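Here is a sequence with its predicted model. Questions after.
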Amino acid sequence: MCNADGCGSHGQVSRRTFLVSSAVAAGGALASFSASGATSGRPATGPGRRYVPRIKVAFVRRRGDYGMSWPGAIYDGAAALKNYTEQVYAAAREFSVEAAIRTEPSYSLAEGKAWIAQAEAEKADGLLLILLDRQEHAWPTAALAVASPAPSVIFAPIGAAFTTNTAPLAGKTGSVIYSTDDFRQVVYGIKMIAAAARLRETRFVVIAGNERKCETVPHFGSTLQYVPASSFLELYNQTPVNDEVKALANEYLEGAQQVTGATPDDVVNGVKSYIVARTILERESADAISMDCLGALGKTKVSLPCIAWSRMLDTGIPAACEADLGACITHALVMYLFDRPGFQQDPVPDTANDCLIGAHCTCPTRLAGFSEAPEPFRLSHHHGNRDAVPVPRWKEGQRATVACIGLPQSAEAKPSMVISAGSVHENISVPPSGGCVVSVSLKLDGNPPLLSYPGFHQIFFYGDYKKELADYCQLFGVEAQIV
């Protein structure tokens, strides 16, 4: 909701009694669910970072001994319940989630129905239903969970599902079914629920236009706090080149393998833009940032926020170029789901090598993850022959994913997500090639038509997560476009 001073949080963290209540302090939640602060710089302090997602968890089985019914007398249901409970505990601690685990399994359809009704009344962020049985009320309870408004993850370990059980529910929006003994899929299910809840609570400060206003992103629920573009320039002129600015600039200059074109003053000015952006984030109590950079600064001598956005991304703060709201949401989702930054780029087809080139002037260096070492980088002027830009070298052969969220134009319409996966083919040298100085090409799986590749400002990021993104789309009502 919006108030007179800006945008307020969508909800408050519940303090009901849970079996798992991990890292509920704001600092603990931030440190646990992402590695913001892995490099120097203060993390954002917005409502998305403070929010603790709430998940309801229940087990389903028949009362008494299993007997000879499937999954059979040889299946140790008591041991399975203990094992899976401990793994839910571990995931809740890792992701700073409050998980309310039903102390006794659900022994009837009526009990399952009551559990789901309670979760709806308490506005839980999601349901996790673990089936320890295939008989009687097990799959009817799963069907109730799938039909509920809450996003639902259904886990059926081997023996608890035939395809005759899963087929009627497969592909239902608002749910995913994991039929496997690999609990890592369930852990990802918990993480999806947590990511969507935090994305809903996330506040983006958007530096664009001439007025201060507040809007809500349809479907995702994230808050957009607009501030006038002139506020960046005003604050920039008030910000001194202090010891912190000089130290951060030296960090880039000393860490770069090469410096071409960009001067030490360019680096200092770029870092100064980072300090300004960080100050605006703190002032607005926001989690993420975007800016109409060319509209606000293109005709001035003030440094465009290329280093600023690169550093924000490296420290776990979503930072989108050109006030692109779809890119804002995609950046944040990639971070919340996969604990790494992404590269927002302009897509360029390479018809000789059958590759999709991503070209832009701001790119994170910690491509493998916030807590991982940065990729080797050089410093350069960007394509406008001004300012300083870190140009990381992507690992050739590295698996990578492409994601691009298309926002709906109304509350009734569904958002979409373009999804591809492939491998890094090469780093394009600019110059002698033209375009943006960060240019990396991906050889996409399946050789999709590159001249008509859909979307713009897609996010490239390390790792093959095509299947995981498709699961997220199904769980949260996003139309997946696998390319």
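Sure thing, it's come through. What you see is a predicted model; the values in this text were computed from it and never measured. Numbers count the residues shown, from 1 in each chain.

Phe338 is in contact with Gly316, correct?
No: with contact defined as Cβ atoms under 8 Å, Gly316 does not reach Phe338; the gap is 11.6 Å. Placement of C-beta: from N, CA and C, glycine included.

ok, the two, which is more surrounded?
Neighbour count, other Cβ atoms under 10 Å: between Gly316 and Phe338, Gly316 has more, with 29 against 21.

quick one: the more buried one is in a strand?
No: secondary structure of Gly316 (DSSP: H, G, I helix; E, B strand; the rest coil): coil, not part of a strand.

ok, which stretches of the stretch 351-483 of the chain are helices?
466-475 (DSSP state H, counting those that start in this stretch).

before we move on, what about the stretch 51-200 of the chain?
In the stretch 51-200 of the chain, the helices defined using DSSP H, counting those that start in this stretch lie at 77-95, 109-121, 138-147, 163-166, 184-201.

Take the longest one, keep the C-alpha atoms, and write them as CSV.
What follows is the C-alpha trace of helix 77-95 in CSV, where atoms were taken according to Å, rounded to 0.1, in the frame of the first residue of the first chain:
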residue,chain,number,x,y,z
GLY,A,77,7.1,-44.4,7.4
ALA,A,78,8.2,-43.3,10.9
ALA,A,79,11.8,-43.1,9.8
ALA,A,80,10.8,-41.2,6.6
LEU,A,81,8.8,-38.7,8.7
LYS,A,82,11.8,-38.0,11.0
ASN,A,83,14.2,-37.7,8.1
TYR,A,84,12.0,-35.3,6.0
THR,A,85,11.2,-33.2,9.1
GLU,A,86,14.9,-32.7,9.8
GLN,A,87,15.4,-31.7,6.2
VAL,A,88,12.6,-29.2,6.3
TYR,A,89,14.2,-27.8,9.4
ALA,A,90,17.5,-27.4,7.6
ALA,A,91,15.9,-25.7,4.6
ALA,A,92,14.0,-23.3,6.8
ARG,A,93,17.2,-22.3,8.6
GLU,A,94,19.0,-21.9,5.3
PHE,A,95,16.4,-19.7,3.7
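
Next, the angle helix 184-201 makes with that helix.
Here helix 77-95 points in a direction 40 degrees away from that of helix 184-201 (axes from the mean of the first three to the mean of the last three Cα atoms, to 10 degrees).

which secondary structure elements does helix 77-95 contact?
Applying 3 or more Cβ pairs under 8 Å, 6 or more residues apart in numbering; DSSP states H and E, we find helix 77-95 packed against strand 20-21, helix 26-33, strand 54-60, strand 98-101, helix 184-201.

Tell me which of the ones you listed lies nearest to Gln238.
helix 26-33 (28.2 Å; Cβ to Cβ).

Quick check: mean pLDDT of the helix or strand following the closest one?
Following helix 26-33 in sequence order, the next helix or strand is helix 47-50 (DSSP states H and E). Helix 47-50 carries an average pLDDT of 95.

Kindly reformat the helices of the stretch 51-200 of the chain as TSV containing mean neighbour count, mean pLDDT and distance to Lys467.
As requested, those are exported to TSV (neighbours: other Cβ atoms under 10 Å; pLDDT from 0 to 100; distance: least, Cβ to Cβ, whole Å):
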stretch	mean neighbour count	mean pLDDT	distance to Lys467
helix 77-95	17	96	19
helix 109-121	16	98	27
helix 138-147	21	98	20
helix 163-166	13	97	17
helix 184-201	23	98	10
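
Adding distance to Pro415, write these out as a markdown table.
As requested, the helices of the stretch 51-200 of the chain are arranged in a markdown table below (distance: least, Cβ to Cβ, whole Å):
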| stretch | distance to Pro415 |
| --- | --- |
| helix 77-95 | 23 |
| helix 109-121 | 24 |
| helix 138-147 | 21 |
| helix 163-166 | 26 |
| helix 184-201 | 12 |
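
Look up the residues forming beta bridges with the closest residue to Ala142 other than its chain neighbours.
In space, and not counting its chain neighbours, Ala142 is closest to Ile154: 4.9 Å by Cβ to Cβ, 6 or more residues apart in numbering. Beta bridges link Ile154 to Leu129, Ile177 when assigned by DSSP bridges.

Assess the claim that Ile154 and Ala170 are in contact.
No: when contacts are counted by Cβ under 8 Å, Ile154 is not listed as touching Ala170 (10.4 Å).

what residues do those two have in common as contacts?
Common contacts of Ile154 and Ala170 (Cβ atoms under 8 Å, 6 or more residues apart in numbering): Ile177.

out of these two, which sits in the busier spot?
Under the neighbour definition other Cβ under 10 Å, Ile154 and Ala170 were set side by side, and Ile154 has more, 28 against 14.

what does the model give the more buried one for pLDDT?
For Ile154, the model assigns a pLDDT of 98.

How about the contacts made by it?
Listed by Cβ under 8 Å, 6+ apart, the contact partners of Ile154 are 129, 131, 142, 145-146, 169, 175-178.

now Lys56
By Cβ under 8 Å, 6+ apart, Lys56 lies in contact with 99-100, 102, 115, 118-119, 122, 124, 126-128, 150.

re the thing from before, could I get the contacts of Ile154 as TSV with distance to Ala262?
Converted to TSV, these look like this (distance: Cβ to Cβ, whole Å):
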residue	distance to Ala262
Leu129	55
Leu131	58
Ala142	57
Ala145	55
Val146	54
Leu169	55
Ser175	50
Val176	46
Ile177	51
Tyr178	48
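
Going through these, which ones are buried?
Neighbour-count burial (16 or more other Cβ atoms under 10 Å) applied to the contacts of Ile154 gives 129, 131, 142, 145-146, 169, 175-178.
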